[in-house]
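Colleague: the sequence and its predicted three-dimensional model are supplied below.
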Amino acid sequence: MRSELDVLQIDQLLPEEERLIRDSVRSFVKEKVLPIIGGCFRRGEFPKHLVPEIAQLGLLGPTVKTHGGAGTSYLGYGVIMEELERGDSGVRSFASVQSSLVIYPIATFGDEAQRDRWLPGLINGQLIGCFGLTEPDFGSNPAGMRTSAKRQGGNYVLNGTKRWITNGNLADLAVVFARCDDGEIGAFVVERGTEGFITNEIEGKISLRASVTSELIFEDCTVPAANRLPNAKGLKAALMCLSQARYGIAWGAIGAAKACFFEALDYAKARVMFDRPIAGFQLVQQKLVQMYSDIVQAELLCHRMAQLKDRDGQVHHVAVSLAKRNNVDMALKTARVARDILGANGIVDDYCAMRHMCNLESVFTYEGTHDIHTLIVGQALTGESAFGETKAG
Ligand SMILES: Cc1cc2nc3c(=O)[nH]c(=O)nc-3n(C[C@H](O)[C@H](O)[C@H](O)COP(=O)(O)OP(=O)(O)OC[C@H]3O[C@@H](n4cnc5c(N)ncnc54)[C@H](O)[C@@H]3O)c2cc1C
């Protein structure tokens, strides 16, 4: 929060290195993202020209210590996500997918040759990746996936469709989950240009318009067996990737919420109605106080998660679900209230609230819907699974 409002001195929780990261990403967003992002959203364009600078700032795979990675802490990673999403959830989504869903699985489940082949380009921004888990008929229940990978000599032949894939049409390579001959789910790196691999951009989005979302089609798509990530065994590997990404999303949501809150606060102080600034009305103050209170709590939740992740290398997946669920819900509500405080001005894209609000509808749904995280936490609390049956498709 701004120092004058930082009553809990949350700023002091950032050590020197993370403070420098925060400041550099904040300046980048202020100078390079904010001036163009409204236009990108309006035109439905991802600002691809920013990728080299995002990479140069060390924001892709920032926690990786080899292959050109900056080796930052998870606190630093969280701060990066917060600052990027203060600009736009689409820009943060690009970085989340590249870092947590492409670089992370290759670094964690790949062999040395695979790491050497793909990580340097992904970290320096010369390669863009995407992550294919969701299918048209299997969203919340990826265990039912139908995409198949059949072994044929030294290759695997992939068939199936993935949908709602961030970065799909931009991607030089896709990390794709498929059911193998033995029934086990495996992960494969499919490179652009491989015969039988087609990407189609999904048109008509009203949310995350400054992000590319695609369908991936595999028609007898033949990849060398050397492209299978050897240590990605079963759906657990995909869920580990999602846990990484959800951690960043919980942080990112704070950025979107802060953008909306500060816009509404400034507006409320300047906007005069009934001969006084609307910030002087109790009802408006009640809204501002609720937003501020919710943001502070979300920040503290993330700082505790970062502490645990930096100490133990991981944080319990239920804690991640709790934080993703809480913080995205908080950000969405904050964006809606900010839009309300802006009155009619709130519906035009001169202001950021409604853009964030539309974006956050996707963030609410992806990486496990709000409901799915409720079920995860509910199961941990009660010992009862309320998911329903999981059948393979
Ligand atoms: C912009 C965007 C980008 C995305 N990027 C990616 C990506 O890069 N890679 C990728 O693999 N996927 C991606 N996704 C897909 C995303 O993860 C799925 O949309 C999400 O998992 C939900 O699946 P679904 O849309 O099929 O909804 P469904 O699973 O059909 O859910 C519909 C509704 O039913 C509810 N529901 C489902 N099951 C239950 C249950 N057991 N109990 C109670 N309620 C339930 C849900 O909460 C939701 O409200 C993206 C999605 C969007 C919108």
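Modeller: Perfect, I can see it now.

Colleague: residue contacts, the nearest residue to residue 349 once chain neighbours are set aside?
Modeller: Nearest residue to residue 349 in three dimensions, chain neighbours excluded: residue 38, at 4.7 Å (C-beta to C-beta, 6 or more residues apart in numbering). Just so you know, the C-beta spots here come from the backbone N, C-alpha and C atoms, and that holds for glycine as well. Residues near residue 38 by C-beta atoms under 8 Å, 6 or more residues apart in numbering: 349-350, 352, 355.

Colleague: can you check residue 234 too?
Modeller: 184-185.

Colleague: pLDDT value on it, please?
Modeller: Listed pLDDT for residue 234 reads 96.

Colleague: dihedrals phi and psi, it?
Modeller: Here is the backbone geometry of residue 234 (degrees, to the nearest 10): phi 80, psi -180.

Colleague: measure it to residue 155 for me?
Modeller: To residue 155, residue 234 is 22 Å away according to C-beta to C-beta, to the nearest Å.

Colleague: returning to that earlier point: from the contacts of residue 38, which land in helices?
Modeller: Under the assignment DSSP state H, the contacts of residue 38 contribute residue 355 to helices.

Colleague: pretty sure residue 224 contacts residue 155?
Modeller: Yes. Applying C-beta atoms under 8 Å as the test, residue 224 and residue 155 come out as touching, 5.8 Å apart.

Colleague: between the two, point out the one with more neighbours.
Modeller: Each of residue 224 and residue 155 has its neighbours counted (other C-beta atoms under 10 Å); residue 155 has more, 17 against 13.

Colleague: OK, contacts around the closest residue to that one other than its chain neighbours?
Modeller: Distance criterion C-beta to C-beta, 6+ apart; nearest residue to residue 155, sequence neighbours excluded, is residue 222 at 4.9 Å. Neighbour list for residue 222: 152, 155-158, 194-196 [criterion: C-beta under 8 Å, 6+ apart].

Colleague: now, of the residues you listed, which are buried?
Modeller: Buried residues within the contacts of residue 222, counting neighbours by 16 or more other C-beta atoms under 10 Å: 155-158, 194.

Colleague: for the ligand, state which of those is nearest.
Modeller: Ranked by distance to the ligand (C-beta to the nearest ligand atom), the buried ones among the contacts of residue 222 are led by residue 158 at 15.1 Å.

Colleague: surely the closest one forms part of a helix?
Modeller: No. Under DSSP: H, G, I helix; E, B strand; the rest coil, residue 158 sits outside any helix and is assigned strand.

Colleague: ok, the helix or strand where residue 239 lies near the ligand or not?
Modeller: For residue 239, the element it lies in under DSSP states H and E is helix 235-270. No. On the criterion C-beta under 6 Å from any ligand atom, helix 235-270 is out of touch with the ligand, staying 8.4 Å away.

Colleague: how about that helix: buried residues?
Modeller: Across helix 235-270, burial judged by 16+ other C-beta under 10 Å covers 235, 237-238, 240-265, 267-268.

Colleague: next one: stretch 133-141
Modeller: Here stretch 133-141 shows 133-135, 138-139, 141 as buried, counting by 16+ other C-beta under 10 Å.
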